[in-house]
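> Sequence and predicted model, in that order:
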Amino acid sequence: MKLLDIEIVTAEKTIFSGQASLIQIPGIEGELGILPSHAPIITELDPGEVLIKNEKEVLSLVLSGGFVEVFNDKVTILADAAERTNEIDIEKTKEAIEKAEKIVESKGSDIDIQKALFVIRASKAQLRVANRRRSTKSL
């Protein structure tokens, strides 16, 4: 069976490097499912969940945004930030949202507000995915 070579990296480190039969990613216009022999693309990613599937398991990651390139069965994701869903600290994520919302309310500099809005979007994506994953495990 043909597989995809997948690499997910941030500025700090490689988050995932391996092979899979499918990767599902949060494109800016909706979810993208990438299978082997997919047409070449380069697109921006929204904050959200990445699912990497192979015969044995499904790995769930959360991205805060970034870019993806698909070419010749190689998927490269350059993520602003990423972490495994099971490593999300819900309390810290909620605190980050509250802090960022206070910055937006204070009407500081444009740069600070843009950073705060980014934190809000990324953190809300983390919470959404973490809560969904935890609720499906409890069933």
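Ah, there it is. Worth saying up front: this structure is predicted, and the values here are computed from it rather than measured.
> For the rest of this, base every contact and every neighbour count on C-alpha atoms.
Noted.
> And the helices in this protein, which stretches?
Ranges of helices within the chain are 90-105, 110-137, based on DSSP state H.
> Which residue ranges make up the domains of the protein?
4-85, 89-137 (automatic domain parsing).
> Which among the helices of the chain is found nearest to I6?
Closest to I6 of the helices of the chain, according to C-alpha to C-alpha: helix 110-137, at 21.0 Å.
> Please report the average pLDDT across that closest one, rounded to a whole number.
Mean pLDDT, helix 110-137: 74.
> on that earlier part again, what's the closest of the helices of the chain to P26?
It is, among those and with distance given as C-alpha to C-alpha, helix 110-137, at 10.5 Å.
> How far off centre is the closest one?
Chain-centre distance of helix 110-137: 10 Å, with C-alpha atoms, centre = their mean, to the nearest Å.
> and that helix, which residues are buried?
Using 16 or more other C-alpha atoms under 10 Å as the test for burial, helix 110-137 gives 113, 116-127, 129-130.
> Any figure for the gap between N54 and V68?
The span separating N54 from V68 equals 19 Å under the rule C-alpha to C-alpha, to the nearest Å.
> Comparing these two, which shows the higher neighbour count?
Counted by other C-alpha atoms under 10 Å, N54 and V68 do not tie: V68 has more neighbours, with 21 against 15.
> and the nearest residue to that one once chain neighbours are set aside, what are its bridge partners?
The shortest distance from V68 to any non-neighbouring residue, by C-alpha to C-alpha, 6 or more residues apart in numbering, is to I77 (4.4 Å). Beta-bridge pairing for I77 (DSSP bridges): I8, V68.
> I'd assumed D5 was in contact with I77.
No. The pair I77 / D5 is not scored as a contact, 11.2 Å apart, by C-alpha atoms under 8 Å.
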